[in-house]
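Colleague: Any chance you can model this:
(chains A and B)
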Amino acid sequence: MSDIYLAGIDIGTTGAKAILSDGEGRVVAQAGQEYATAYPHPNWAEQAPEDWWQATCAIMRRIFGESGVAPRQVAAIAVSCQAPSLVAVDREGAVLCPAATWMDRRSEEQCSWLRVHIGGERIAAINGGRIDPYFLAPKLLWLRQYAPDCYAACHQVLQANGFIVQRLCGAFCMDSAVGPLTMLFDGGRQDWSDELVDAMGLARSKLPPVLPCAAIAGRVSSRAAAASGFAAGTPVLAGMVDGAAAAIEAGLVARGQAVEMTGQSTVLMIGSDQPYHGQELFPLGHAIPGLHLVVGAQVASGGSLRWFRDQLGEEERREAVRQGIDPFELLSRAAESSPPGANRLLFLPYMYGERSPIWDTDARGVLFGLSLATRKADIVRAIMEGAAFGLRHNIEAAQAGGFDPRSLACVGGGARSAVWNQIKADVLQRPITLPGAAAGAAMGDAILAAVGAGLYTDVVEAVAHMVTAGPSYSPRPAYAAQYDQLYRIYRDLYPALRTHFQQLAAVPVNLP
Amino acid sequence: MADQRLQPPYVLSIDAGTEAIKAAIFDLTGRRVAIGVRNYKTYFPAPAWAEQDAEDWWDGLVGAVRDCVAAAGVPADEIISLAADATTCTLVPMRADGTLVRRPLLWMDVRAGEQAQRLFASGDPALRYCLAGANAEWMPPKMLWLKEHEPSLYAATDYLLEFTDWIAYRLTGRFTLNINTISQRWFYHTPTDGWPYSLLAAVGLDDLPAKFPATICRVGEIVGGLAPAVAAELGLPAGIPVAACGGDAFIGLLGQGVSAPGDVGIIMGSSNVVSALSAQELHFAGILGSFPDAVVPGLNLVEAGQVSTGSILSWFKRNFGQGAAAEAAAQGISVYQLLDREAAQAAVGSGGLIVLDYFQGNRTPHTDSAARGMVWGLSLQSDRGHLFRALMEGIAYGMQDIFETFDRHHFALQRIIASGGATQSPLFMQIYADVLGRPLAVTQESEASLLGSAVVAAVGCGAYPDLPTASQRMVRVSHHYQPHLARNAEYKFFVRMYQETYRQMKDLMHSMTHKPA
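Modeller: Purely as a prediction, here's the structure:
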């Protein structure tokens, strides 16, 4: 198999990343390139789809240039992406307006309309999840209301990976795994819900065909080959949403297995044989037919630690440069020097509002229990523990809905911190495993591509061959009671402050 | 270098604070000739604990006095008297031979929270000075903690002193107590009752008064002459009078010119001590006192305060300002000045941050040693300047909370006079004036306690007939900060949030503080 390679490309929130893997899951080349997010108004977050394409072409040309792998050796391509985004294109695939990304929260007004005219229960029953500007439907309703020309000219509404797929092979499609993030999806049928589409008065014709993730959408055109460096004719799969790709990378292929991915945010995914129809968490598809994901998503777990590094970690940043290491490594060491419980300090990680399970845009970060004995290391540890408490909150919400994870794997940048992994094991009182090679969602894409290329019969077999086991962390029973106590206080903090968060959010912004 | 207007003779004053000990030489019109400063360490062996080392104190004292005398360049024999104030409620347990049985418990140490609650539960009439609850900082709870947790050390203790009395002992060899701290912190009642025997008996401290020195001195009364060996070590004339002094903040009133009814003095150090003078006796929850004759004879002293204020800014600088040291040095300013500049960029409300300043509990109006500090409203946009400003604003909200308590009980506030290290920050003073909605006067001598001790020393040697006269002659106001009305209006919302946050968080703070480690 060594002369056959699989290409995985992830269109992430901060940049694109691509890898080439062999059939055994060994990464032979990888490259990444960042692109910008524009925040033209409060609550807006936009990216340019052309940037995604340019970044994809640039990193693939770099990979082919540097790896020595011939484009013809690539057996298949799979693309994953941040989601949902609203990518409006015309018949030729030309972009009609900047893409509103998952972070874009301009459509609160449309959400209010949905709550009144369709209702959260009906949407949960068909699509699953709750009405929130995060999802695609309110974004699309906003477009129809405030940019009617763009809506009228729109031939298809794509996701970021669908846009790249269309550029590569000309086909318009959407992968089935991202479906529930549209709020227009029927999880049981794995297709658009005519009922919801009609109820919202949206044009069904603008919604692309739904394909299974491993289905071949088309083959690389000669024009795309010239731009990207891929060989013309290379199979292009429908791909999948990044969460599903991360789940595969971490080896989640069955009901009851769970993965948490911490980068800027933390996303928890639990495998289920039933689609999720609650409102505290939300559903996502999986590349394995019949397998579904129940998802809990925080907003600024890793983001809070990054905030600390940038705003209060000047010393650590400087010291990291001196030692030639990552400042997060120094922050991890600091956290390790503080005892479990961070000397009675608690942190609520709601520094950019919070998604599940509280769904509160107005929520803010809290440091609770400060004393003169509090050290910087205690604050760093409290931030890590706060993120772990948030994860526990999501797991408990999943358990309450009948989705109990049997195992938990950690991936993403956060998993590089051993102390953070141990904190999670102790707070959750369950073992944590890591995959052997952590290359991110693009690795999950490469595994999917191996299935699409016919190397393996299905994703389960591909994962068995391509994913190895890494280090694991055992919960320390000695800390269980203490973390239980702290967690209870953590849970009481938000209800006590909720009305204050709302009042604070209503205060006009002042000048000095 | 001695100013040419300065006239001999001089007095030497010592102010033993939380983070440093200072010695200064003043002339009899209150002009400072020179100062010496030495820092010492505070040990925080556990949350809510705070201790210092008496060896550090003495080394600091000797160093500060010698530095000061050397810097003054005046003949030593023109120094005719001295007095030393110190932090109030710092417990020094001693043997009769002058050695200590353990490291002193610093005033801010609140390990005796449970003992304070038991003391309060006794319902004894002596508790009228602290209707909101007995504070763990005060002496009887600390002494009770010592007896219960370190019984052998308690048994070995012959004398229990305040820090200021310990200095007087080291200077003169005489064990005494001063009227100021025992009436404000040991439940001693000057006019009639004396020691609170029934209160002590109620918590099993019947044997405690035997450990109190028999001699009680008035503020300004001579404890003794400066012992020859100490005089030699300090470079001062032997035998000059050492005047009995008191707690730093209260002696500081004399250094602020606080001497008339309606006057409020705030000493802004590591804590904020608020002292108001009232013609009437006042007893209500949310203040301490009133204490008759505690500083100015004939007036009642109403006390309020915040446990951790300057100490919080110092905590922030220690933890998060180190990275800014190089930048500050490059700009030729201090780290505090750099943090002030960053804070000045933030708007009223610090981008929506609310800080509760209860890092070591709340002194008034809640008298809650189990309260803890918190910051809420953090967002990814919050930067260091927002946080530093939010700490200053939270401290000012705490002060407004105190004045609202005064208002509710019809205390007719006339004048606010501030001194202390924080007054060097114009931004911080303006935040206070804006939050309080009242003018704030700042004294020329920022070291109110040092000047106050100089007032005491001047009375001790007979240069003035009484403390108010000496205070009026020796204190000057340098600056008035006026409130900005629009900002005051904006701050009202944040003050309300601050007050509601404590109400909401109180129970959770208590569970957090009392959670087993």
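Colleague: drop to CA atoms for contacts and neighbour counts, all remaining ones
Modeller: Fine.
Colleague: now the strands: where do they sit in the stretch 1-150 of chain A?
Modeller: For the stretch 1-150 of chain A, the strands defined by DSSP state E, counting those that start in this stretch cover A:5-11, A:15-22, A:27-34, A:46-47, A:74-81, A:87-89, A:99-100.
Colleague: who wins for proximity to residue B:296 among those strands?
Modeller: Proximity to residue B:296 (C-alpha to C-alpha) singles out strand A:46-47 among the strands of the stretch 1-150 of chain A, at 68.1 Å.
Colleague: And the average pLDDT for the closest one is what?
Modeller: For strand A:46-47, mean pLDDT rounds to 96.
Colleague: ok, residues contacting it?
Modeller: Outside strand A:46-47, the residues that touch it by C-alpha atoms under 8 Å, 6 or more residues apart in numbering or on different chains are A:36-40, A:98-101, A:104.
Colleague: Among these, the buried ones, what's the PyMOL command?
Modeller: The PyMOL command for the buried members of the contacts of strand A:46-47 (criterion: 16 or more other C-alpha atoms under 10 Å in any protein chain shown) is given here:
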select buried, chain A and resi 37+98+99+100+101+104
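Colleague: For the stretch 401-512 of chain A, give me the ranges with low pLDDT.
Modeller: A:509-512 (pLDDT under 70).
Colleague: Then chain B?
Modeller: In chain B (pLDDT under 70), the answer is B:1-5, B:516-517.
Colleague: 50 instead?
Modeller: B:1-3 (pLDDT under 50).
Colleague: Chain A now?
Modeller: A:1, A:511-512.
Colleague: got the contact list for the residue of it most remote from its centre?
Modeller: Distance from the C-alpha centroid of chain A peaks at residue A:372, with 38.2 Å (C-alpha atoms, centre = their mean). Residue A:372 makes contacts with B:311-312, B:315, B:359-360, as judged by C-alpha under 8 Å, 6+ apart.
Colleague: and if we set it to 6 Å?
Modeller: Residue A:372 makes contact with residue B:359, according to C-alpha atoms under 6 Å, 6 or more residues apart in numbering or on different chains.
Colleague: quick one: it from residue B:318, how far?
Modeller: 11 Å (C-alpha to C-alpha, to the nearest Å).
Colleague: ok, back up a step: can you tell me which of the strands of the stretch 1-150 of chain A is nearest to residue B:291?
Modeller: Between residue B:291 and the strands of the stretch 1-150 of chain A, the shortest separation by C-alpha to C-alpha is 65.1 Å, and it involves strand A:46-47.
Colleague: what separates that closest one from the chain centre, distance-wise?
Modeller: 16 Å (C-alpha atoms, centre = their mean, to the nearest Å).
Colleague: Kindly report the same for stretch A:348-362.
Modeller: Counting by C-alpha atoms, centre = their mean, stretch A:348-362 comes out at 16 Å from the chain centroid.
Colleague: So that stretch, near chain B or not?
Modeller: Yes: residues of stretch A:348-362 contacting chain B under C-alpha under 6 Å from any C-alpha of the partner chain: A:351-352.
Colleague: which residue sits closest to residue A:473, ignoring its sequence neighbours?
Modeller: residue A:432 (5.1 Å; C-alpha to C-alpha, 6 or more residues apart in numbering or on different chains).
Colleague: How about the contacts made by that neighbour?
Modeller: A:408-409, A:425, A:472-473.
Colleague: Sort out for me which of these are in strands.
Modeller: When DSSP state E is applied, the contacts of residue A:432 are split such that A:408-409, A:472-473 fall in strands.
Colleague: And the residue nearest to residue A:473, how close does it get to residue A:470?
Modeller: In terms of C-alpha to C-alpha, residue A:432 sits 10 Å off from residue A:470.
Colleague: same question, residue A:386
Modeller: From residue A:386 to residue A:470 the distance is 25 Å (C-alpha to C-alpha).
Colleague: and the end-to-end length of stretch B:304-315?
Modeller: 23 Å.
Colleague: do stretch B:373-391 as well
Modeller: 10 Å.
Colleague: quick one: buried residues of that stretch?
Modeller: B:373-380, B:382-391.
Colleague: quick one, helices of the stretch 201-350 of chain A?
Modeller: A:222-228, A:242-249, A:301-312, A:314-323, A:327-336 (DSSP state H, counting those that start in this stretch).
Colleague: Reformat those helices as TSV; add mean neighbour count and distance to residue A:503.
Modeller: Supplementary listing: these in TSV, determined by neighbours: other C-alpha atoms under 10 Å in any protein chain shown; distance: least, C-alpha to C-alpha, whole Å:
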stretch	mean neighbour count	distance to residue A:503
helix A:222-228	17	51
helix A:242-249	29	34
helix A:301-312	21	23
helix A:314-323	15	32
helix A:327-336	20	33
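Colleague: Adding distance to residue A:262, write the ones you listed out as a markdown table.
Modeller: What follows is the helices of the stretch 201-350 of chain A, written out as a markdown table (distance: least, C-alpha to C-alpha, whole Å):
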| stretch | distance to residue A:262 |
| --- | --- |
| helix A:222-228 | 30 |
| helix A:242-249 | 11 |
| helix A:301-312 | 6 |
| helix A:314-323 | 21 |
| helix A:327-336 | 14 |
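Colleague: Quick check, residue A:133 in contact with residue A:105.
Modeller: Yes: using C-alpha atoms under 6 Å, residue A:133 is in contact with residue A:105, at 5.1 Å.
Colleague: Show me what residue A:186 is bridged to.
Modeller: Beta bridges link residue A:186 to residue A:191, judged by DSSP bridges.
Colleague: Which residues of the stretch 251-400 of chain A lie near chain B?
Modeller: A:311-312, A:314-315, A:351-352, A:364-373, A:376.
Colleague: Identify those among those that sit within strands.
Modeller: A:365-370.
Colleague: Now neighbour count too, for the residues you listed, in JSON lines please.
Modeller: Shown next, in JSON lines, are these (neighbours: other C-alpha atoms under 10 Å in any protein chain shown):
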{"residue": "A:365", "neighbour count": "27"}
{"residue": "A:366", "neighbour count": "26"}
{"residue": "A:367", "neighbour count": "21"}
{"residue": "A:368", "neighbour count": "26"}
{"residue": "A:369", "neighbour count": "27"}
{"residue": "A:370", "neighbour count": "25"}
